Structure formats: C-alpha cells, structure tokens
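Visitor: Fold the following for me, if possible:
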Amino acid sequence: MIAIMRVDRTGEVKNELRETLISAALDFARKASNLTGVRRIAVIGSIMTDKLCPKDIDLLVTIEATVDLARLAKLGRKLKGRTQGINAGADIFLLNAPGSYIGRICRFKECPSPTRTSCKAGHCGQVPHLCDDLGEVDLNELPTLLLEPPLIIFPQVAINTPLPPDLLRLLNLWSHSQAGDQSVSKNRRADSSVLLRSSMECSAEIKHASNCDGGR
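Guide: Below is the predicted model:
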C-alpha cells in the first residue's frame with residue numbers, strides 16, 4: 001500500500017489514503033447517528049496516529065437492543081465498499097448498552113447465507129448481522145479503550161488524546177457541518193476552541209511515523 005500525497009490549492013500537502021478513510025468514517029457516523037438505538041460512535045486504531053498508510057479505519061459503536069442491525073450493517077457495507085476502493089478496509093466493532101464488546105457488524109448482505117463459507121461468527125445468524133467473533137477478537141480485554149476511546153464523535157465530540165493534524169482538520173469541518181446538532185468538548189468538558197488548534201501544535205504533540213509498513 002502506497003500513500004499518495006497531493007498538494008491542495010493552499011499549498012498544504014495531503015495524504016489521500018488517510019483523507020479518504022477519515023472522510024468515509026465521518027460520513028458513516030453522520031448517517032449511523034440518526035438510527036434509533038445507536039448510543040455512541042468512536043474512532044480507534046491506527047488512524048489515530050500519524051501513520052502514513054493505515055490499512056483500515058476502525059470504529060467502535062455502542063448500541064441498544066432496539067437498534068436496527070440490518071440498517072446499521074447496510075451503512076457498514078457502504079463504508080467498506082468505499083474503503084475497498086482505495087485498497088483499504090473498515091471494521092465496525094460493537095458494544096452493547098452496558099459497554100461490553102459483542103462482536104463486529106457482519107459483512108455479508110444476507111445473514112445467515114447458505115453460500116457463505118468464511119463467516120467467523122461464533123453463532124452465525126443467531127443475531128442477524130452480528131458477527132460474534134470473540135474467539136478471534138475480544139476487545140473486552142481492553143476495558144480502558146472501551147470506556148474511554150481516544151476519539152468520540154457521537155453523541156458529543158470528545159478528544160481524549162492528541163490528534164494527527166489531518167484528522168483534527170476534517171473533524172473540525174465535520175463538526176461544523178452538523179449545524180449545531182453536536183456539542184464539541186475535550187474530555188467531555190473543554191471549549192470547542194480545542195478543534196481550532198493549528199496542525200503544527202497538534203503534530204508537535206505526537207510522534208511522526210517515519211515509514212509505511214502497511215500494518216495496524
């Protein structure tokens with residue numbers, strides 16, 4: 001995977017891979033936040049660093065039992081389709097209302113499907129569109145991550161770690177586009193001016209990646 005850099009009209013150098021992943025995730029969040037039963041949407045994983053070539057975008061979504069998983073899964077497939085267009089991926093990790101990890105959104109349109117052979121769910125089809133693959137990935141082993149993920153984008157934007165400049169910039173634009181539907185905070189309390197910090201200030205707070213290895 002190669003990071004494609006471009007220079008915009010202002011002279012700023014931008015990483016098209018990262019920009020697409022971040023924009024796709026924010027678009028998913030905008031739509032998913034309108035679904036009844038979606039309580040929280042957070043961003044985790046390598047996109048939270050300044051890694052040049054993250055292989056995917058990872059989202060942590062807390063849901064209630066009343067959520068329409070079929071609709072959420074459809075949004076998830078659209079997100080995956082968009083990221084696959086740049087040879088990347090997307091994972092949507094699900095938490096139940098108490099905050100426990102329950103699995104990932106199923107990537108198949110029909111669940112269960114008689115033609116599927118690669119499903120990794122522990123109980124395929126028991127809860128349609130839920131891939132309860134806790135035997136492969138169990139985020140319950142990371143309680144701090146589940147309780148306070150590095151970046152929450154719904155219901156309120158909460159920044160719990162220094163952000164890479166590109167993520168901060170796109171998050172700022174996205175927050176303003178919500179037309180006041182979300183309030184902005186840092187650690188759930190700070191003034192929205194935190195989103196207006198310069199890229200130079202933010203980049204000084206994090207360690208810059210020196211190469212692209214294609215992993216998480």
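
Visitor: Would you map the strands across the protein?
Guide: Using DSSP state E, the strands found in the chain span residues 5-7, 13-15, 38-44, 56-63, 89-95, 101-105, 130-131, 151-154, 157-159, 184-185.

Visitor: could you give the mean pLDDT of the second one?
Guide: In other words, strand 13-15. Throughout strand 13-15, pLDDT has a mean value of 76.

Visitor: what ranges of this structure fall below the confidence cut-off?
Guide: Low-confidence segments of the chain (pLDDT under 70): 1-13, 112-126, 179-216.

Visitor: Try it again at 90.
Guide: For the chain, the stretches with pLDDT under 90 are 1-15, 103-138, 175-216.

Visitor: can you count the residues close to Ser100?
Guide: Residues near Ser100, counting by other CB atoms under 10 Å, number 13. (Glycine included, C-beta is placed from N, CA and C.)

Visitor: for Leu173, that is, sorry about that
Guide: Counted with other CB under 10 Å, the neighbours of Leu173 add up to 12.

Visitor: Pull the contacting residues for it.
Guide: For Leu173, the contact set (CB atoms under 8 Å, 6 or more residues apart in numbering) is empty.

Visitor: roughly how far apart are it and Thr83?
Guide: Applying CB to CB, to the nearest Å, the value for Leu173 to Thr83 is 20 Å.

Visitor: mind checking how far Pro155 is from Lys109?
Guide: 29 Å.

Visitor: how about the strands of the chain in a markdown table, adding mean neighbour count and distance to Gly76?
Guide: Output for the strands of the chain, formatted as a markdown table (neighbours: other CB atoms under 10 Å; distance: least, CB to CB, whole Å):
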| stretch | mean neighbour count | distance to Gly76 |
| --- | --- | --- |
| strand 5-7 | 10 | 28 |
| strand 13-15 | 15 | 24 |
| strand 38-44 | 21 | 12 |
| strand 56-63 | 23 | 9 |
| strand 89-95 | 22 | 5 |
| strand 101-105 | 22 | 4 |
| strand 130-131 | 24 | 10 |
| strand 151-154 | 22 | 15 |
| strand 157-159 | 22 | 21 |
| strand 184-185 | 18 | 26 |
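
Visitor: Format these as a markdown table; extra columns: distance to Gln178.
Guide: A markdown table is the format used below for the strands of the chain (distance: least, CB to CB, whole Å):
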| stretch | distance to Gln178 |
| --- | --- |
| strand 5-7 | 27 |
| strand 13-15 | 23 |
| strand 38-44 | 13 |
| strand 56-63 | 17 |
| strand 89-95 | 20 |
| strand 101-105 | 23 |
| strand 130-131 | 28 |
| strand 151-154 | 9 |
| strand 157-159 | 9 |
| strand 184-185 | 9 |
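
Visitor: right, so of the ones you listed, which gets closest to Glu141?
Guide: Glu141 lies closest to strand 101-105 among the strands of the chain, at 8.7 Å (CB to CB).

Visitor: Can you tell me what sits against that closest one?
Guide: Contact with strand 101-105 is made by 61, 69, 72-73, 76, 91-96, 121-122, 129-134, 137-140, 146, as judged by CB under 8 Å, 6+ apart.

Visitor: 7 Å instead?
Guide: With CB atoms under 7 Å, 6 or more residues apart in numbering as the test, strand 101-105 has contacts from 72-73, 76, 91-96, 129-134, 138-140, 146.
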